[in-house]
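K.L.:
Below: sequence and its predicted model.
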Amino acid sequence: MTTAIPTVFVVDDDPGVLKALTRLLRLAGFEACAFNSSQSFLEGHDPATPGCAVLDIAMPGLNGIEVQRALTVSGSHRPVIFVTGRGDIPTSVRAMKAGAVDFLTKPVMDKDLLAAVRNAVEVDRVARAAEMELQSMRDRLATLTPRECEVLTHVVAGQLNKQIAADLGTVEKTIKVHRARVMEKMGVRSLADLVRVAQRLGISTATSTLPR
């Protein structure tokens with residue numbers, strides 16, 4: 001994923017604009033995937049592909065903002081750049097609230113589009129890297145035994161080994177063993193690191209509960 005050339009999904013019902021944008025993006029070193037309608041894009045879009053989308057605001061059927069909303073509902077957090085020939089401030093505000101990373105008005109300057117695309121691609125790269133890291137944490141959490149999970153929640157809640165032992169009805173020495181295994185399996189070396197991982201995973205440090 002880190003070495004793949006980012007793909008820019010371009011959606012515009014104007015054939016001339018679609019051709020020009022696609023050509024520009026390919027010359028700039030991006031993969032470009034063109035769609036002449038909202039429906040064809042939603043049917044052909046692969047959320048697993050790194051990159052961003054350039055959406056025309058005014059299109060037959062679903063407009064650009066509605067397409068972006070459909071992506072979000074489907075669970076895709078694809079960075080979107082909105083382009084329109086009839087841009088105004090209210091539309092721009094709605095676009096940004098809908099999650100757009102940029103809003104450009106036609107005719108779009110080449111340098112402006114490429115700058116927006118590079119920014120959106122970087123947003124996507126960072127988000128995917130964070131998701132991969134989070135999934136790795138989830139995978140490590142899944143290797144813990146039920147008892148180790150209990151110890152984990154007590155540890156990140158700030159309890160001492162002897163307190164955990166008393167709560168779980170065992171001896172402090174056993175808790176030390178479990179705690180060491182938790183640290184090893186979660187890939188951390190300090191309590192501070194374990195707490196940060198727990199917070200990323202949604203494990204409450206106040207109520208000592210694992211996420212459902």
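P.N.:
Sure thing, it's come through. Residues are numbered from 1 along each chain as shown.
K.L.:
Based on its surroundings, how many neighbours for residue 100?
P.N.:
23 (other C-beta atoms under 10 Å). All C-beta spots, glycine's among them, are computed from the backbone N, C-alpha and C.
K.L.:
Can you tell me how far it is from residue 172?
P.N.:
Taking C-beta to C-beta, to the nearest Å as the measure, residue 100 falls 55 Å from residue 172.
K.L.:
likewise residue 127?
P.N.:
42 Å.
K.L.:
what about the helices in this protein?
P.N.:
Applying DSSP state H to the chain gives helices spanning 15-27, 38-44, 64-73, 89-97, 110-141, 146-156, 161-168, 172-186, 191-200.
K.L.:
Just put those in JSON lines and tack on mean pLDDT.
P.N.:
As requested, the helices of the chain are arranged in JSON lines below (pLDDT from 0 to 100):
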{"stretch": "helix 15-27", "mean pLDDT": "94"}
{"stretch": "helix 38-44", "mean pLDDT": "93"}
{"stretch": "helix 64-73", "mean pLDDT": "89"}
{"stretch": "helix 89-97", "mean pLDDT": "76"}
{"stretch": "helix 110-141", "mean pLDDT": "95"}
{"stretch": "helix 146-156", "mean pLDDT": "94"}
{"stretch": "helix 161-168", "mean pLDDT": "94"}
{"stretch": "helix 172-186", "mean pLDDT": "96"}
{"stretch": "helix 191-200", "mean pLDDT": "93"}
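K.L.:
what's the closest non-adjacent residue to the residue of the chain most remote from its centre?
P.N.:
For the chain, the C-alpha farthest from the mean C-alpha position belongs to residue 171; by C-alpha atoms, centre = their mean, that distance is 42.5 Å. Sequence neighbours aside, residue 165 is the residue nearest to residue 171 in space, at 5.7 Å (criterion: C-beta to C-beta, 6 or more residues apart in numbering).
K.L.:
Contact partners for that neighbour?
P.N.:
Going by C-beta atoms under 8 Å, 6 or more residues apart in numbering, residue 165 touches 171-172, 174-175.
K.L.:
can you do 6 Å?
P.N.:
The contact partners of residue 165, by C-beta atoms under 6 Å, 6 or more residues apart in numbering, come to 171-172, 175.
K.L.:
again with residue 101
P.N.:
So, once contact is read as C-beta under 6 Å, 6+ apart, residue 101 ends up touching 79, 120, 123.
K.L.:
try it again with 8 Å
P.N.:
Per C-beta under 8 Å, 6+ apart, neighbours of residue 101: 52, 79-81, 116, 119-120, 123.
K.L.:
Mind checking which residue lies nearest the centre of the chain?
P.N.:
residue 127 (3.9 Å).
K.L.:
Does that residue touch residue 78 like I think?
P.N.:
No: using C-beta atoms under 8 Å as the test, residue 127 is too far from residue 78 to be in contact (9.6 Å).
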